[in-house]
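A.B. asks: below are the sequence and a predicted model for it; my questions follow.
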Amino acid sequence: MKHVLIVEDEKTVQLTLLDGLRKYEKDFRVLTAENGNVAKEVLEKLPVDLVVTDLKMPGMDGFELLSLIRKNHPYIPVIVMTAFGNSELEKWLQSMGVFAYLEKPIDFAELTNKILSAMALKNGQL
């Protein structure tokens, strides 16, 4: 079973994404973490195929998490979502090899398309 890890500190956003992705449970299982520290624990314990992360979170934020993923799990595609986007941030994220960058409020159809595209690309289907 494939695993998508959603890292989001806002519980309502986390639950909304979890609920919206439920219809894809035959394709992948959604795991959640409220910050980078919890995400790090999940990454150490379970095979994760894709990470969707917020940037601003308490504890280990998305920037630190992204650096950790690039260092320890470079094969995992990452989709970043943030309410604080700008062109400098977008350039930095591209330099870090982020698969996609989405601004909040999240367009759920776009997020779903990015998740499915990243999973297909990872599986060599694109």
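C.D. replies: That came through fine. Residues are numbered from 1 along each chain as shown.

A.B. asks: how far away from the center of its chain is stretch 90-110?
C.D. replies: Centroid separation for stretch 90-110 versus its chain: 9 Å, with C-alpha atoms, centre = their mean, to the nearest Å.

A.B. asks: can you tell me the distance between the two ends of that stretch?
C.D. replies: 17 Å (C-alpha to C-alpha, to the nearest Å).

A.B. asks: what lies in contact with it?
C.D. replies: Identification of contacts with stretch 90-110 by C-beta atoms under 8 Å, 6 or more residues apart in numbering yields 13, 17, 20, 66-67, 70, 74, 77-83, 85, 89, 111, 114, 117-118, 121. C-betas here are computed from N, CA, C, even on glycine.

A.B. asks: how about the nearest residue to Leu55, chain neighbours excluded?
C.D. replies: Gly62 (3.6 Å; C-beta to C-beta, 6 or more residues apart in numbering).

A.B. asks: dihedrals phi and psi, the one you found?
C.D. replies: Main-chain torsions, Gly62, degrees, to the nearest 10: phi -70, psi -30.

A.B. asks: so it versus Asp49, what's the distance?
C.D. replies: 18 Å (C-beta to C-beta, to the nearest Å).

A.B. asks: neighbour count: these two, which is higher?
C.D. replies: Using other C-beta atoms under 10 Å, the more surrounded residue of Gly62 and Asp49 is Gly62, with 25 against 20.
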